[in-house]
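Peer 1: Build me a model from this:
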Amino acid sequence: MVGFASGYFGIGGGFLIVPGLIYSGGLDILKAVGTSLISVGIFGVITALRYSLNGYLDLPISILYLLGGVLGGWLGAHVTTTISKKLSQESSQ
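Peer 2: Coordinates of the predicted model:
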């Protein structure tokens, strides 16, 4: 259902999967996002392998996307923990 809706409306599946994991699975937001990202990562690796085996992989572009994803993930995790620490310090005062 999520795959159909995301394809039909042109939105990312995580937009629908994360709330579904929160409400139906009882996960907190961080676990729901992490669970969604695991599936996206696995699908991405499998798709990249299939493209590579068929000769459709553009290595320079793939490396740029990979570097951007790693840098974005690191930066996002850093910002999240920084904001979380600041908020917890403010709430304890």
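
Peer 1: pull the longest helix from this protein.
Peer 2: helix 59-92 (DSSP state H).

Peer 1: Would you mark the buried spots in that one?
Peer 2: Residues of helix 59-92 include none that count as buried (16 or more other C-beta atoms under 10 Å). Using the backbone N, CA and C atoms, a C-beta is placed for each residue, glycine as well.

Peer 1: Report the mean per-residue pLDDT for it.
Peer 2: Mean pLDDT, computed over helix 59-92, is 84.

Peer 1: which residues sit in contact with the residue nearest to the spatial centre of the chain?
Peer 2: Nearest residue to the geometric centre of the chain (C-alpha atoms, centre = their mean): Leu37, 3.7 Å. By C-beta atoms under 8 Å, 6 or more residues apart in numbering, the residues touching Leu37 are Gly14.

Peer 1: Can you report how many residues lie near Tyr51?
Peer 2: Burial measure for Tyr51: 13 neighbouring residues, criterion other C-beta atoms under 10 Å.

Peer 1: so which strand or helix has it?
Peer 2: helix 29-53 (DSSP states H and E).

Peer 1: and the angle for that helix with helix 59-92?
Peer 2: 180 degrees (axes from the mean of the first three to the mean of the last three C-alpha atoms, to 10 degrees).

Peer 1: just how off-centre is helix 29-53 within its chain?
Peer 2: Computed by C-alpha atoms, centre = their mean, to the nearest Å, the separation of helix 29-53 from the middle of its chain amounts to 8 Å.

Peer 1: And stretch 69-87, by the same measure?
Peer 2: Counting by C-alpha atoms, centre = their mean, stretch 69-87 comes out at 14 Å from the chain centroid.

Peer 1: so what are the domain limits for the chain?
Peer 2: 1-57, 58-93 (automatic domain parsing).

Peer 1: from the middle of its chain, how far away would stretch 17-29 be?
Peer 2: Using C-alpha atoms, centre = their mean, the offset of stretch 17-29 from its chain centre is 15 Å.
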